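> could you work out the structure for the sequence below:
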Amino acid sequence: SMAAEGAPFWIDMVKPRLQLQGEVGFTGSKLSFFGMMGHIIKTEGVTGLYQGVTPAVARHIPYTGFRAIGYEYIRKFFCGENVTNAPFYAKAISGMTAGAVGQAIAVPCDLIKVRMQGDGRLVAAGKLDKPRYTGLMDAFVKIKAQEGVAGFYKGATPAIQRAALVNLGELTTYDSAKTIIVENLGLSRDDLRCHLLSAFCSGFVASLCSTPADVAKSRIMNQKPGPNGELMYKGTFHCWAITVKDEGFLALYKGFFPGWFRLAPWQLVFWVTYERLRIVTGIGSFK
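A predicted model of the protein is given here:
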């Protein structure tokens, strides 16, 4: 998961910048994916595409460590021993539960990642003199000192909601697609082609399910109190309501294509390496 996160991270850097375009207080031209990527390189250098990569990679130690392993145990609880023939809704509940719990553990790293990604935009716009944090540990120290422990969990609700939806797409879709592919295409569950096809399906559905929650998460985690001391967004549904009112329904899907563009290789790298490691170590492929 750490390798899968690091390789396409530059895409994940562009995505939240696209999602932050158009909100109240935004100034400047709205850019396309490649326009935004070029703007980041021009104003922040090539390294600007990798701001926040350290907390992003660190996040996957607790997050994917729990959800990937925990899913099979949670699925057994909801589905019983015959997991391959379990109904979709039971697998969906299992995937969403595993993702939500894993994200609840990893929220502090996610918060730091989102803030580090957003700081470059604020510096380029002249709203910050310099990025707030120099690295992962510096962020932990400053947030603890300035906002207390509760500061690490700002935006936790949309982040957990997004993770539940992502894993509805990732774990549940991969699980269900793999069963369908084995039954209809005659491929073995250990076949690399089966893993690749299942991962492709997983990435698309995960992006489709999670993008609205991802937009809310990016905006809530990046927001700062206004002149009156109040925050613009009170929660996920409030953020969605304001976004749709000001920017239209499709604004909830800002960053969908770069999100899918990122999740597709992420899923391929993760599932193929995860499946290979399971087979090599004698655990057996994901069932």
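> could you use CA atoms for every contact and neighbour count after this?
Noted.
> show me where the protein has its helices.
Secondary structure of the chain by DSSP state H: the helices cover 2-6, 9-20, 33-44, 53-79, 88-124, 136-147, 156-167, 173-185, 192-222, 236-247, 256-280.
> quick one, which of the ones you listed is packed in tightest?
helix 156-167 (a mean of 26; mean count of other C-alpha atoms under 10 Å).
> redo the helices of the chain as TSV? Include distance to Lys287.
Listed next are those as TSV, based on distance: least, C-alpha to C-alpha, whole Å:
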stretch	distance to Lys287
helix 2-6	21
helix 9-20	29
helix 33-44	37
helix 53-79	9
helix 88-124	12
helix 136-147	36
helix 156-167	16
helix 173-185	7
helix 192-222	11
helix 236-247	34
helix 256-280	10
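> can you add distance to Phe286 and mean pLDDT and give these back as a markdown table?
Shown next, in a markdown table, are the helices of the chain (distance: least, C-alpha to C-alpha, whole Å; pLDDT from 0 to 100):
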| stretch | distance to Phe286 | mean pLDDT |
| --- | --- | --- |
| helix 2-6 | 18 | 76 |
| helix 9-20 | 26 | 78 |
| helix 33-44 | 35 | 86 |
| helix 53-79 | 9 | 88 |
| helix 88-124 | 14 | 88 |
| helix 136-147 | 33 | 93 |
| helix 156-167 | 15 | 87 |
| helix 173-185 | 8 | 90 |
| helix 192-222 | 10 | 85 |
| helix 236-247 | 33 | 90 |
| helix 256-280 | 6 | 82 |
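> looking at these, which is closest to Glu230?
helix 192-222 (12.5 Å; C-alpha to C-alpha).
> mind giving me the packing neighbours of that closest one?
For helix 192-222, the packing partners by 3 or more C-alpha pairs under 8 Å, 6 or more residues apart in numbering; DSSP states H and E come out as helix 9-20, helix 88-124, helix 156-167, helix 173-185, helix 236-247, helix 256-280.
> now do the fifth one against helix 156-167, angle only.
On the basis of axes from the mean of the first three to the mean of the last three C-alpha atoms, to 10 degrees, helix 236-247 is oriented at 80 degrees to helix 156-167.
> got the CA coordinates for helix 236-247 in PDB?
Output of helix 236-247 as PDB, limited to C-alpha atoms (Å, rounded to 0.1, in the frame of the first residue of the first chain):
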ATOM      1  CA  THR A 236     -20.300  17.000   5.300                       C
ATOM      2  CA  PHE A 237     -24.000  17.600   4.400                       C
ATOM      3  CA  HIS A 238     -23.700  21.300   5.000                       C
ATOM      4  CA  CYS A 239     -20.600  21.400   2.800                       C
ATOM      5  CA  TRP A 240     -22.500  19.500   0.100                       C
ATOM      6  CA  ALA A 241     -25.500  21.900   0.300                       C
ATOM      7  CA  ILE A 242     -23.300  25.000   0.000                       C
ATOM      8  CA  THR A 243     -21.300  23.500  -2.800                       C
ATOM      9  CA  VAL A 244     -24.300  22.500  -4.900                       C
ATOM     10  CA  LYS A 245     -26.000  25.900  -4.200                       C
ATOM     11  CA  ASP A 246     -23.000  27.900  -5.300                       C
ATOM     12  CA  GLU A 247     -21.400  25.700  -7.900                       C
END
